[in-house]
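Q: sequence first, predicted model second:
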Amino acid sequence: MIKLCLITLFLLASVPSFAATDSMVQAKDLQNRKALTITDVKIHEIETVEALPMFLPTLNPIGDVIMVIDSLLALGQKIWPIIEQGRPVVTTKLAPAVSVIPNIEGTNVVLNQMENWSLPKMVSYRISFNNALDMEVIGFTYTIFYQYNGTYNSKGRYITNLKVQASNIYASWGSNFDASSELIGISNVGTLQDPLASAIIQVSYVAKGVFNQNSGARSFYVDGAGNISPIND
């Protein structure tokens, strides 16, 4: 009889312990879900990244004619990846760089006769995908760089070596992402006699957390006078 009473008391004492353990497991699962779910995206300009791998500017860009308007043409590659499966895309080829130059027959002749190019201009942005605990789940820095002020026969201001490159990449466990850049359009915002080349490029991304994903894009305006600004903040 005494033995039966002791067993009963032991079982009754164990019930709260089991309940407490179950509550702790549920709380931990909720905390993990909050930590691995993307709830917010933040983008802000940061101090320019000075050392970019594979930044090899050239005034003789390689690539196809990808866009033409009456007075301008764009050489290069219309869309190029900057991150694939969470890793930066590094290439020794210069094809991804875009140039916006005069639309004159004999492209190579035009390039060889252009002058007054500026030093490379660079602007860097940090994009952070944060979780419900306001911690960064995925993050990377992308830098837009190009040269401007190029002239042809002492007229116009043109663009060369326009490119986007990624660096300082971070992804937590179970997360992955891709990003690419695309030339959206070119235009002459000057006059026919004194052209001012401009271009719009777009940085697109898809970030995947364990429980959800987030996609988006940001566009930038650049021109041959050295102006650069986001256009969809």
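A: Received the coordinates, thanks. Numbering: from 1, shown residues only.
Q: all contacts plus neighbour counts: C-alpha atoms, from now on.
A: Will do.
Q: strands of the protein, start to end?
A: 38-46, 64-68, 72-76, 79-84, 87-88, 98-102, 114-115, 121-131, 136-152, 155-171, 176-188, 197-208, 213-223, 228-230 (DSSP state E).
Q: okay, these in JSON lines with mean neighbour count and mean pLDDT next?
A: Putting the strands of the chain into JSON lines (neighbours: other CA atoms under 10 Å; pLDDT from 0 to 100) gives the following:
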{"stretch": "strand 38-46", "mean neighbour count": "15", "mean pLDDT": "86"}
{"stretch": "strand 64-68", "mean neighbour count": "16", "mean pLDDT": "87"}
{"stretch": "strand 72-76", "mean neighbour count": "23", "mean pLDDT": "90"}
{"stretch": "strand 79-84", "mean neighbour count": "19", "mean pLDDT": "90"}
{"stretch": "strand 87-88", "mean neighbour count": "18", "mean pLDDT": "82"}
{"stretch": "strand 98-102", "mean neighbour count": "28", "mean pLDDT": "91"}
{"stretch": "strand 114-115", "mean neighbour count": "18", "mean pLDDT": "90"}
{"stretch": "strand 121-131", "mean neighbour count": "19", "mean pLDDT": "91"}
{"stretch": "strand 136-152", "mean neighbour count": "23", "mean pLDDT": "92"}
{"stretch": "strand 155-171", "mean neighbour count": "23", "mean pLDDT": "91"}
{"stretch": "strand 176-188", "mean neighbour count": "20", "mean pLDDT": "94"}
{"stretch": "strand 197-208", "mean neighbour count": "22", "mean pLDDT": "94"}
{"stretch": "strand 213-223", "mean neighbour count": "17", "mean pLDDT": "92"}
{"stretch": "strand 228-230", "mean neighbour count": "15", "mean pLDDT": "95"}
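Q: Ala225 - nearest residue in space that isn't next to it in sequence?
A: Nearest residue to Ala225, sequence neighbours excluded (CA to CA, 6 or more residues apart in numbering): Asn149, at 5.7 Å.
Q: ok, now how distant is that neighbour from Lys42?
A: To Lys42, Asn149 is 32 Å away according to CA to CA, to the nearest Å.
Q: cool, and Ala74?
A: Ala74 sits 32 Å away from Lys42, going by CA to CA.
Q: apart from its chain neighbours, what residue comes closest to Asn116?
A: Using CA to CA, 6+ apart, the nearest residue to Asn116 is Gly150, at 5.1 Å.
Q: the one you found contacts Glu115, correct?
A: Yes - between Gly150 and Glu115 a contact is recorded at 5.4 Å, counting by CA atoms under 8 Å.
Q: the residue nearest to Arg87 when sequence neighbours are not counted: what's it in contact with?
A: Spatial nearest neighbour of Arg87, excluding adjacent residues (CA to CA, 6+ apart): Ile169 at 7.6 Å. When contacts are counted by CA atoms under 8 Å, 6 or more residues apart in numbering, Ile169 is found next to 86-88, 138-141.
Q: which of those residues sit farthest apart?
A: Farthest-apart pair in the contacts of Ile169 is Pro88 and Ile138; separation 13.6 Å (CA to CA).
Q: if we can go back for a sec, list the contacts of the residue nearest to Asn116.
A: By CA under 8 Å, 6+ apart, the neighbours of Gly150 are 114-118, 156-160, 224.
Q: hmm, Tyr125 is touching Gly139, no?
A: No - taking CA under 8 Å as the definition, Tyr125 is not a contact partner of Gly139, at 10.6 Å.
Q: alpha carbons only: can I get stretch 203-212 in PDB?
A: Taking Å, rounded to 0.1, in the frame of the first residue of the first chain, the C-alpha atoms of stretch 203-212 are listed here in PDB:
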ATOM      1  CA  VAL A 203      19.700  46.200 -58.700                       C
ATOM      2  CA  SER A 204      17.300  43.300 -58.100                       C
ATOM      3  CA  TYR A 205      17.400  40.700 -55.300                       C
ATOM      4  CA  VAL A 206      15.700  37.600 -54.000                       C
ATOM      5  CA  ALA A 207      16.500  36.700 -50.400                       C
ATOM      6  CA  LYS A 208      15.300  33.400 -48.900                       C
ATOM      7  CA  GLY A 209      15.000  32.700 -45.200                       C
ATOM      8  CA  VAL A 210      14.100  29.400 -43.700                       C
ATOM      9  CA  PHE A 211      10.400  30.200 -43.400                       C
ATOM     10  CA  ASN A 212       9.900  32.900 -46.100                       C
END
